[in-house]
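Chemist: I would like the atomic coordinates for the input below:
(one chain, ligands or ions: 4)
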Amino acid sequence: MHNRLRLILGIISRSSTTMSTPPFASERQLAISAVRRACVLTSSVFNKLVKNETLTKGDKSPVTVGDYAAQALISVMLTHAFPADPIVGEEDAAELRAEEGKTLRERIIELANQALVSPLVEGDKVEWGIGPGQTKTSAELLDAIDRGNYNGGRIGRMWTIDPIDGTKGFLRGEQFAVCLSLLVDAQVQVGIIGCPNLPFDASKPEGERGCIFVAVRGQGCHQIPLSSYTETRLTMPTFTPSSLNFLESVEALHSSHSTTDTISSILGITRPPVRMDSQAKYGCLARGDGGLYLRMPTGVGYREKIWDHAPGALLVEEAGGIVTDSRGLPLDFGLGRTLGENFGVVAAGKAVHAAVLDAVQQATGAKAKA
Ligand SMILES: Nc1ncnc2c1ncn2[C@@H]1O[C@H](COP(=O)(O)O)[C@@H](OP(=O)(O)O)[C@H]1O
Ligand SMILES: [Mg+2]
Ligand SMILES: [Mg+2]
Ligand SMILES: [Mg+2]
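Modeler: Ligands and ions are numbered 1, 2, ... in the order given. Just a heads-up that it's a prediction; the model follows:
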């Protein structure tokens, strides 16, 4: 009798847990923890970065010990929690494996291990390979970086990692972001962006810095301070064309400033653009710091990478906005590691997106969607 009662109570409690757990709750919790640790790691690197800790990659873009160490850390945590999930990560360890001497490698291993062993905080779980005593060997950490070599595609689960997005902003001491997303069948289901240098409240630029933006499809977009765990739901305010201002890259090589100037004058926007590095722009759009984010191709044949847009696009959609390319089509995260041919990015609130798209098409001659 006693055993039967225990069995019934067990079934009730198991089914109520299942019913009350929203989809992707574990993934969300893990992703927040990983991004939080990577934000601490990258900020600490910035404070101590020395000149010879930055490399130039084959495409001439910079990469620092912070990028490598943060990708290793996040990859270790993902692999402990979800060993079957492939990872599309920006960095690979080829340069490190070929390094003469071990200066960079040793620094990266030290940084990643410091981040892995730091004490558990709210939401952390020791099963993710973190907490005291969880150090990894150099070989394990290089392999963790290289787990990011997945080619992407349309089918199945996969994570994207951009361990430092806006590395150029990071090196200037300006905005950068740690970006993580979960794709399932090419749809972004979870998007997390940590911005250690971003003011928590745009109206207080000298106030507290550091925020994490979190979105799960169908569950809204939230902001959490880096210093605590309180979540605030974000909803994009309604802009009209006359109150619009826009966000764009600092780097004119990444987004054509002259094209956005033309779009701006077609729309009658008088406020100057807010130029900011990284996917912090998507977070700022989601919380209404700007009404529009434009990224216009510069004509160099560059293909946008999925890790540069997947988490950001979900933040904006879950805060009530629309994200398309300049033809009005959704960004396609199922094409592999890139978004394919570059038709730019047009992200804005529902009330203005159509008008903005019209202006983009006038300025660029992009064809509207059929
Ligand atoms: N020619 C180009 N056009 C568009 N994006 C580019 C580019 N060259 C590099 N990028 C991407 O722009 C990202 C930074 O975007 P932003 O200008 O919004 O800060 C870089 O991310 P990383 O810094 O992670 O390498 C890189 O992937
Ligand atoms: Mg890069
Ligand atoms: Mg990037
Ligand atoms: Mg990067």
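Chemist: now for the strand or helix carrying Gly283, which elements pack on it?
Modeler: Under the criterion of DSSP states H and E, Gly283 resides in helix 280-286. Applying 3 or more Cβ pairs under 8 Å, 6 or more residues apart in numbering; DSSP states H and E, one finds that helix 280-286 makes contact with strand 187-199, strand 209-216, strand 246-248, strand 292-295, helix 310-318, strand 345-349. C-betas here are computed from N, CA, C, even on glycine.
Chemist: where does Lys367 land on pLDDT?
Modeler: At Lys367 the predicted local distance difference test score is 63.
Chemist: again, but for Thr103
Modeler: According to the prediction, Thr103 has pLDDT 89.
Chemist: Is it in contact with Asn52, as I believe?
Modeler: Yes - with contacts counted by Cβ atoms under 8 Å, Thr103 reaches Asn52, the gap being 7.2 Å.
Chemist: Sketch out the low-pLDDT regions of the protein for me.
Modeler: Low-confidence segments of the chain, defined by pLDDT under 70: 1-19, 50-51, 367-370.
Chemist: which one is Leu314 nearest to, not counting chain neighbours?
Modeler: If the residues on either side of it in the chain are set aside, Leu314 comes closest to Gly191, at 3.6 Å by Cβ to Cβ, 6 or more residues apart in numbering.
Chemist: If you tally nearby residues, what's the number for that neighbour?
Modeler: For Gly191, the neighbour count with other Cβ atoms under 10 Å is 32.
Chemist: Near ligand 2, which residues of this protein? Just list them.
Modeler: Residues of the chain lying close to ligand 2 (Cβ under 5 Å from the ion) are 61, 167.
Chemist: can you point me to the longest helix in the chain?
Modeler: Under DSSP state H, the helix in the chain containing the largest number of residues is helix 25-48.
Chemist: Can you pull the residues of this structure lying near ligand 4?
Modeler: Where the chain comes near ligand 4, counting by Cβ under 5 Å from the ion, the residues are 90, 162, 164-165.
Chemist: List only buried entries from these.
Modeler: Neighbour-count burial (16 or more other Cβ atoms under 10 Å) applied to the residues of the chain next to ligand 4 gives 90, 162, 164-165.
Chemist: Contacting ligand 3 as well, which ones from those residues?
Modeler: Of the residues in these, proximity to ligand 3 by Cβ under 5 Å from the ion holds for 162, 165.
Chemist: Among the buried ones among the residues of the chain next to ligand 4, name the ones that also lie close to ligand 1.
Modeler: Applying Cβ under 6 Å from any ligand atom to those, one finds that 90, 162, 165 fall near ligand 1.
Chemist: show me the contacts for Val190.
Modeler: Listed by Cβ atoms under 8 Å, 6 or more residues apart in numbering, the contact partners of Val190 are 24, 27-28, 31, 180-182, 215-217, 314.
Chemist: and which of those is nearest to ligand 2?
Modeler: For those, the minimum distance to ligand 2 (Cβ to the ion) is 15.1 Å, reached by Leu180.
Chemist: what are the pairing partners of the host helix or strand of that closest one, and which direction each?
Modeler: The secondary structure element spanning Leu180 is strand 177-184 (assigned by DSSP H and E). Here strand 177-184 has these sheet partners by DSSP bridges: strand 157-165 (antiparallel), strand 187-199 (antiparallel).
Chemist: Next secondary structure element downstream of the shortest one?
Modeler: Pointing back at strand 157-165 there. Note on strand 157-165: by DSSP H and E, the next helix or strand toward the C-terminus is helix 167-172.
Chemist: That next one and ligand 3, any residue contact?
Modeler: No - with Cβ under 5 Å from the ion as the threshold, helix 167-172 lies outside contact range of ligand 3, at a closest distance of 7.3 Å.
Chemist: For stretch 133-152, give the distance from the opening residue to the closing one.
Modeler: Start to finish, the residues bounding stretch 133-152 are 33 Å apart (Cα to Cα, to the nearest Å).
Chemist: Tell me if I'm right that Lys350 and Val323 touch.
Modeler: No - the pair Lys350 and Val323 does not pass the contact test of Cβ under 8 Å, sitting 11.2 Å apart.
Chemist: quick one, which of these two is more surrounded?
Modeler: In this comparison of Lys350 against Val323, neighbours counted by other Cβ under 10 Å, the higher total goes to Val323 at 22 against 11.
Chemist: Would you mind measuring from that one to Ile145?
Modeler: 29 Å (Cβ to Cβ, to the nearest Å).
Chemist: can you list the domain ranges for this protein.
Modeler: 25-234, 241-369 (automatic domain parsing).
Chemist: Report the distance from the last one to the chain centre.
Modeler: For domain 241-369, the separation from the chain centroid amounts to 16 Å (computed by Cα atoms, centre = their mean, to the nearest Å).
Chemist: can that domain be found next to ligand 3?
Modeler: Yes - against ligand 3, domain 241-369 shows contacts by Cβ under 5 Å from the ion at Asp308.
Chemist: does any bit of that domain sit next to ligand 1?
Modeler: Yes - among the residues of domain 241-369, 249, 251, 253-254, 277-278, 298, 300, 302, 305, 308 lie within reach of ligand 1 under Cβ under 6 Å from any ligand atom.
Chemist: Val352: which element?
Modeler: When elements are defined using DSSP H and E, Val352 is found to belong to helix 350-364.
Chemist: between that helix and strand 345-349, how many degrees?
Modeler: Our comparison of helix 350-364 with strand 345-349, counting by axes from the mean of the first three to the mean of the last three Cα atoms, to 10 degrees, yields an angle of 150 degrees.
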